[in-house]
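Trainee: coords below, sequence missing:
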């Protein structure tokens, strides 16, 4: 990707994440770059194309970060913890791109929206698969892997709304705190929980 | 609230949640109500006023639903489960109002935005307080109550993005599945977890 294109996507990400895709015009993007609207069209075909580039590239980054961990050989517990770290790092590496991916993708045209919906489902499947595997091998309690996956991913995605790069917590520490919550739960272990005598 | 005002807020909630507050004009709201933009101003002072009414009323509904459970006399575990149910019911009772509350409140003017930020913090404090109490009395493991509260609320808020009233799961069932995730965690109890002998 040439430098100008990356610059356009960065500026568009800032505007889309601040005021939303629908409320941002190509002229707004051009103005933020000190360009004329007309000359911006030498680099982009349409506003939706810019959104598509931002969203599809972000989707690829999430897949590339999480897939190798999901397909690794560690225990389901360790893999899920690693996937949380990988997911949080993609969010915190570029909050604005991640915010556009999470909230503005629904403004894509029908075909592109469907493509992203498929990609999101495939991404959620990494989580469902590791959760289901952990349930089969006895690491995890029995539960609905789909609901558990949705709960975990929603919790992690919420980080995009409050994470500040200058805050006191590093991305890995945040991911580990969230992983502890959904792996071990809040409840302290009960003395009778593993007691098999009546 | 008179019927016309409620109608305006319902139509505005639909438009704000579909295309975003910034991309919706007063004329769009009037058109969806088969009114002239001018006659709409007999009922509302500004577009931001409509947003404020929707957001502040939704905030009140969350508080009214969760406060009595948080201040109840049950165990921290039971209260947290009840708070999850109450929170999810407010979301699923009116997904569009809840979506505007969750995603569009940041478009309020500075003073109103600050008022909602304070209300959100007070709301999160119900969760932090019950979590901290459960940690003190030994029901819960030691953890950061702020992070745990954020994880729980983000997970629950994510429900607004995928819940369908005609889906197979009732709001209470969804809330209970999520509560089980953050209360008990995914990991199966370990045999040595409560074993105090070396």
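Mentor: Arrived safely. Note that the coordinates shown come from a computational prediction; the quantities given were computed from them, not determined experimentally. Numbers count the residues shown, from 1 in each chain, chains lettered A, B, ... in the order given.

Trainee: make it CA atoms for all contacts and neighbour counts henceforth
Mentor: Will do.

Trainee: give me the nearest residue to residue A:156, chain neighbours excluded.
Mentor: Take residue A:156 and drop its neighbours on the chain: the residue closest to it by CA to CA, 6 or more residues apart in numbering or on different chains is residue A:88, 6.7 Å away.

Trainee: what residues are up against the one you found?
Mentor: By CA atoms under 8 Å, 6 or more residues apart in numbering or on different chains, the residues touching residue A:88 are A:156, A:157, A:159, A:171, A:172, A:174, A:175.

Trainee: residue A:40 too?
Mentor: By CA under 8 Å, 6+ apart, the neighbours of residue A:40 are residue A:30.

Trainee: just to revisit the earlier point, ok, the residue nearest to residue A:156 to chain B distance?
Mentor: The gap separating residue A:88 from chain B is 13 Å, by CA to the nearest CA, to the nearest Å.

Trainee: what's the farthest-apart pair in the contacts of residue A:88?
Mentor: The distance between the two most remote of those (CA to CA) is 14.3 Å, for A:157 and A:172.

Trainee: what residues does chain A have near chain B?
Mentor: A:19-20, A:22-23, A:77, A:138-141, A:143-144, A:147-148, A:150-159, A:174, A:177-178, A:181-191, A:193-194 (CA under 8 Å from any CA of the partner chain).

Trainee: so which of these sit within helices?
Mentor: If you go by DSSP state H, these have A:19, A:77, A:147-148, A:150-159, A:174, A:177-178, A:181-184 in helices.

Trainee: whichever of these end up buried, select them in ChimeraX.
Mentor: In ChimeraX, this line selects whichever of these come out buried by 16 or more other CA atoms under 10 Å in any protein chain shown:
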select /A:19,77,148,150,151,152,153,154,155,156,157,158,159,174,177,178,181,182,183,184
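
Trainee: and the residue of chain A closest to chain B?
Mentor: Here chain A gets closest to chain B at one residue, residue A:185, 3.6 Å apart by CA to the nearest CA.

Trainee: report the separation between the nearest residue to that residue once chain neighbours are set aside and residue B:76.
Mentor: Take residue A:185 and drop its neighbours on the chain: the residue closest to it by CA to CA, 6+ apart is residue B:185, 3.6 Å away. The gap separating residue B:185 from residue B:76 is 16 Å, by CA to CA, to the nearest Å.

Trainee: read off the pLDDT value for residue A:97.
Mentor: pLDDT for residue A:97: 96.

Trainee: quick one: whichever helix or strand it is part of to helix B:95-103, angle?
Mentor: According to DSSP states H and E, residue A:97 maps onto helix A:95-103. For helix A:95-103 against helix B:95-103, the angle by axes from the mean of the first three to the mean of the last three CA atoms, to 10 degrees is 180 degrees.

Trainee: helix A:95-103 packs against which elements?
Mentor: Judged by 3 or more CA pairs under 8 Å, 6 or more residues apart in numbering or on different chains; DSSP states H and E, helix A:95-103 is in contact with helix A:3-19, helix A:47-70, helix A:76-93, helix A:145-162.

Trainee: neighbours around the residue nearest to residue A:185, how many?
Mentor: For residue B:185, the count of nearby residues is 23 (other CA atoms under 10 Å in any protein chain shown).

Trainee: check contacts around it.
Mentor: Residue B:185 sits next to A:181, A:182, A:183, A:184, A:185, A:186 when contact means CA under 8 Å, 6+ apart.

Trainee: residue A:63 against residue A:121, yeah?
Mentor: No: when contacts are counted by CA atoms under 8 Å, residue A:63 is not listed as touching residue A:121 (11.2 Å).

Trainee: so the two - more neighbours on which side?
Mentor: A direct count of neighbours by other CA under 10 Å for residue A:63 and residue A:121 places residue A:63 higher, at 20 against 11.

Trainee: mean confidence for stretch A:70-81?
Mentor: What stretch A:70-81 shows for mean pLDDT is 97.

Trainee: which residues belonging to the least confident helix or strand in chain A by mean pLDDT are considered buried?
Mentor: One helix or strand of chain A scores below all others by mean pLDDT, DSSP states H and E: helix A:37-40, with a mean of 84. Along helix A:37-40, these residues count as buried under the neighbour rule (16+ other CA under 10 Å): A:37, A:40.

Trainee: likewise stretch A:31-46?
Mentor: Buried, per 16+ other CA under 10 Å, within stretch A:31-46: A:33, A:37, A:40.
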